Structures are given as C-alpha cells and as structure tokens.
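Asker: Sequence plus predicted model, see below.
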Amino acid sequence: MVPDRIEREIVIDAPLEVVWAVVTAPEHVGSWFSDSAEIDLRPGGKATLTWNEHGSFPLRIEKVDPPHSVAYRWARPAGAEPRAGNSTLVEFILSEEGEGTRLRVVESGFAALEAAEEEKAKHFQENTQGWERELGELREYVSNLVSPSSRR
Amino acid sequence: MSRRGEEGDELWAAVADPTRRRLLDALLAHGEATATTLAGELPVTRQAVAKHLAVLDRAGLVEGRRRGREVRYAVRPERLDAATQGMARVAAQWDERLAAIKRLAEASARE
C-alpha cells in the first residue's frame, strides 16, 4: 500500500551551517527549488517561490530552529495563501553526521487536504438545506401576503 | 524542477487517509464487497464507509456495480498503480532537490 507521507534523506559532505544556508537562503532556494525565492525566515513569516513556468506559490514558515530544522506550509494552486486544508507541511531536519550533515525532508498533510474538501462539501450541503428551508418559509409567507383570501 | 501536477493531488489525498487505506486493503482482500460488509470489518460506521467510498470513487480508485439491491465495490488496480507512481514521482522530485542541495553545499564548503 502507498505511504501517506514522503520522507527522504541524504548525507552531505559539508558542515551543518553550510547546508542550513543552502536550505534556507533565498539565493540558494531559487536555485535548487524554484527559479526565484523570497523568504522571511521566522515563525509566521512569508515566503514566495516562483517558477517561470508555474507561477508563484506563497509559503508560510511554521517553525525555525537554526541550524537544525525549518518547516513551512506549501499551498496549491499557484497564488493560494496557505491555510489548513489547501497545503502540505514540508519539514527539513539537519543533523551532524561525522564531519558532514544528514539532511532529511518530510512532506506530510495530504490527508488533511481531502478532509477539508469533505468539510466543504458538508458545509455546502448544510447551507443548501438551510436555504431551502428558509426559501420554503419565505414562499409560504409571500403566498399568504398575496392571496390571503384563498387560504381556508 | 517543477511543482507537482495538480491532477495528482486528488488521487494522492484519496489514498492519504488511513481509513481509506484500510478500505482499499479490505477491498483488495475481498475482490468485491458492499459498504455493509466493509463496515463490519472496520471500526467505522456504514455511513462513514459510504462517505470514504464516495471519495475513492471520485478519485477513480474504486468502482461500484449494482447487483440487485446492493452495490458491490472493487478496486481499480490501474488507478491504484497511478497513485503509487504519483507518489514515487513526488519522492523522486525531493531526491532531485536533495541532490541539488548536496551539490551546492559541497561546492560552497570547498570554497
């Protein structure tokens, strides 16, 4: 059966601080990830990744613990602000490995995307039923106004 | 390196939920089953099973066939393969990005 999150890692022959800079500095992120990047690296900070082909994707930084971990929410589609239900969580974890660095990335939260879709569907249905009820009452009210004599 | 395809998201989301994964497992084990049979095997209500089956159906992962008064569901293996491959593709994209980070960091450490 398929996994519900992606977890990958790599060992890099460079010190932790160097790897941290590559993972988080806009000039590097705009090289290994997108075509350009703007990053306000603090919890709650915004970042924007831009692909020439696909457009700009706003990210929200959730957690920063330099130089060990950083996590952000990544929304879809292009231009959407990250919120619960339209984004996945991407987390980078750095640890020392001899003279080098082990870098792990975890992307998770795909199930929450769908749960939000279901919530929306449910909400929509409840709203629709609510409006049907109210329109029914309105119709009755209006018909009473228009033709009170026809009522027995 | 690109953003993952939007069309894969629905498929992915459908299989990301643990209950739906158990439903798929149960369906694979049975070949075919009704919502009532599945509810008897999982710790969820029949209504919840029906809701999850609807999500799987929308993503094309299962199909229901009416047999008399009941609907029997079966997995569409080709779509499940597509989901697995979709995830493998996302994993491969991360592998490429990690490899690019490695190249940049090692080049920068040598300077």
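Answerer: Now that the structure is in, tell me what you want to look at. Residues are numbered from 1 along each chain as shown, chains lettered A, B, ... in the order given.

Asker: which secondary structure element contains the most centrally placed residue in chain B?
Answerer: Of all residues in chain B, the one closest to the mean position by C-alpha atoms, centre = their mean is residue B:15, 2.4 Å from it. Applying DSSP states H and E as the criterion places residue B:15 in helix B:7-16.

Asker: Let me know the next secondary structure element after that helix.
Answerer: Helix B:7-16 is succeeded, C-terminally, by helix B:18-30 (DSSP H and E).

Asker: What lies in contact with that following helix?
Answerer: A:1-2, A:4, A:111, B:14-15, B:33, B:37-38, B:41-42, B:44, B:48-49, B:52-53, B:55-56, B:61-62, B:73-75, B:80 (C-beta atoms under 8 Å, 6 or more residues apart in numbering or on different chains). Bear in mind the C-beta positions are built from the backbone N, C-alpha and C, glycine included.

Asker: For those residues, which PyMOL command selects only the ones that are buried?
Answerer: Typed into PyMOL, the line below selects the buried ones among the contacts of helix B:18-30, using 16 or more other C-beta atoms under 10 Å in any protein chain shown:
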select buried, (chain A and resi 2+4+111) or (chain B and resi 14+15+33+37+38+48+49+52+53+55+56+61+62+73+75+80)
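
Asker: Just the contacts of helix B:18-30: which are in strands?
Answerer: Taking DSSP state E, the ones among these that sit in strands are B:62, B:73, B:74, B:75.

Asker: coming back round to it: which neighbouring elements make contact with the helix holding residue B:15?
Answerer: Identification of packing neighbours for helix B:7-16 by 3 or more C-beta pairs under 8 Å, 6 or more residues apart in numbering or on different chains; DSSP states H and E yields helix A:110-146, helix B:18-30, helix B:46-58, helix B:77-110.

Asker: Go through those helices and find the least confident stretch.
Answerer: The stretch with the lowest mean pLDDT among these is helix A:110-146, at a mean of 59.

Asker: Quick one: residues contacting the closest residue to residue B:61 other than its chain neighbours.
Answerer: Among residues not flanking residue B:61 along the chain, residue B:79 sits closest, at 5.0 Å (C-beta to C-beta, 6 or more residues apart in numbering or on different chains). Taking C-beta under 8 Å, 6+ apart as the contact definition, residue B:79 lies against B:11, B:59, B:60, B:61.

Asker: Surely the last one is in contact with residue B:75?
Answerer: Yes - the pair formed by residue B:61 and residue B:75 meets the contact definition of C-beta atoms under 8 Å, at 6.7 Å.

Asker: Chain A: helices as residue ranges?
Answerer: In chain A, the segments counted as helices under DSSP state H are A:16-24, A:26-32, A:110-146.

Asker: so who does the spatially closest residue to residue A:46 that is not a sequence neighbour touch?
Answerer: Excluding the flanking residues, the one nearest residue A:46 by C-beta to C-beta, 6+ apart is residue A:40, at 5.4 Å. By C-beta under 8 Å, 6+ apart, residue A:40 lies in contact with A:46, A:47, A:61.

Asker: Inside strands: which ones of the residues you listed?
Answerer: Counting by DSSP E, the contacts of residue A:40 place A:46, A:47, A:61 in strands.

Asker: Return the members of the contacts of residue A:40 classed as buried.
Answerer: Going by neighbour count (16+ other C-beta under 10 Å), the contacts of residue A:40 have A:47, A:61 buried.

Asker: Would you state the predicted confidence (pLDDT) at residue A:69?
Answerer: 97.
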